[in-house]
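Enquirer: how would this look folded up:
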Amino acid sequence: MATDRICVGAIAGAFGVRGEVRLKSFCAQPEAIAAYAPLWTKDGARSFSLRLTRGTGGGLTARLSGVETREQAEALKGTELFADRDRLPNLPDDEFYHNDLIGLEVLDTSGIRLGRVKAVHNHGAGDFLEVTGAGDTILLPFTKAVVPTVDLTQGRIIADPPGDLGDD
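Expert: Below is the predicted model:
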């Protein structure tokens, strides 16, 4: 499941006319993204050093190495930025990088397979696991009550879905 790199942010577009970018940080402390550089594109073809320039309403602005013009910055819009895993902090036992959850098998508390984690979503109210299996997709709130066990070693999650969500 684990990969060498973790997505820590994305470029939201250009800022100004001198090559700065608007940056969305996925880090618990948004400014911490600068400490994890160099940051890589998803395919690993490009890497960037990063210098934060200022905060903007709800985001950050930054200078990326090799990006000098507004056009170059705008061309990077939507690019996800990845940090080497060994540059990131170790997490407490009850916290996980989303990358580590994707692909895990999900079983209910009686051992019935619900599917695999396809994605982790957060729309502001907390994380949800998107679980696909047997033609169905379910969203599970990623809370201790609904997901009491995450076993990375065994590659599985034990879930206690609310109501009849996990029933066939």
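
Enquirer: which residues of the chain fall in helices?
Expert: Taking DSSP state H to define them, one finds helices in the chain at 70-75, 98-101.

Enquirer: just name the most buried of those.
Expert: The highest mean neighbour count among the helices of the chain, using mean count of other C-beta atoms under 10 Å, belongs to helix 98-101: a mean of 18. Where you see a C-beta, it was placed from the backbone N, CA and C, and this is true even at glycine.

Enquirer: distance from that helix to the middle of the chain?
Expert: From the chain centre to the centre of helix 98-101 is a distance of 8 Å (C-alpha atoms, centre = their mean, to the nearest Å).

Enquirer: for the helices of the chain, give me TSV that also has distance to A145 and mean pLDDT.
Expert: Below are those laid out as TSV (distance: least, C-beta to C-beta, whole Å; pLDDT from 0 to 100):
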stretch	distance to A145	mean pLDDT
helix 70-75	43	97
helix 98-101	17	88
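
Enquirer: domain ranges for this protein?
Expert: Domain segmentation of the chain under automatic domain parsing yields 5-87, 98-159.

Enquirer: in JSON lines: the helices of the chain, plus distance to V120.
Expert: Shown next, in JSON lines, are the helices of the chain (distance: least, C-beta to C-beta, whole Å):
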{"stretch": "helix 70-75", "distance to V120": "28"}
{"stretch": "helix 98-101", "distance to V120": "4"}
